[in-house]
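Undergrad: give me the fold of what follows.
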Amino acid sequence: MTLPTDYGTMRNTSIALFAGAMKFGRGRSMNEARVKMYTLSTCSHCKAAKRLMHDLGVKFEYTDVDLLSGSERQAAMDEVRRLNPMCSFPTIVIGDAVIVGTREDKIKEALGLL
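TA: Numbers count the residues shown, from 1 in each chain. Modelled structure (predicted):
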């Protein structure tokens, strides 16, 4: 499988699948933790977060909110506001943890890698 290097070209709400069933915390596979990211297609921090997930071998889902329109965009923004009242990007959900920004330490902790 060839992975794109320009994450901005990935289609909106695509599921990015990356190889690797690395083990983390309590014997679970990283791929068992649901990872969802709300991002902007032009945001450098969002691209860095996608790159980090790729580098860690994590399966994740993302939505480039700025590429949505109408009620779909409103629903995504409502969800981001619910998770992150400051409504900043990227907003990353790993299991029950919500991480705002590309905070590698917090992301690895939520994935059980620390």
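Undergrad: strands of the protein, residue ranges please.
TA: Assigned by DSSP state E, the chain shows strands spanning 15-16, 23-24, 28-29, 35-39, 60-64, 91-94, 97-100.
Undergrad: just name the most buried of those strands.
TA: strand 91-94 (a mean of 24; mean count of other Cβ atoms under 10 Å). All C-beta atoms are positioned from the backbone trio N, CA, C, and that covers glycine.
Undergrad: give me the mean pLDDT for that strand.
TA: Averaged over strand 91-94, pLDDT sits at 98.
Undergrad: sheet partners, orientation included, of it?
TA: If you go by DSSP bridges, strand 91-94 pairs up with strand 35-39 (antiparallel), strand 97-100 (antiparallel).
Undergrad: show me the contacts for the spatially most central residue of the chain.
TA: Centroid check for the chain by Cα atoms, centre = their mean gives Met37 as the closest residue, at 3.0 Å. By Cβ atoms under 8 Å, 6 or more residues apart in numbering, the residues touching Met37 are Cys46, Ala49, Lys50, Met53, Phe60, Glu61, Tyr62, Thr63, Pro90, Thr91, Ile92, Val93.
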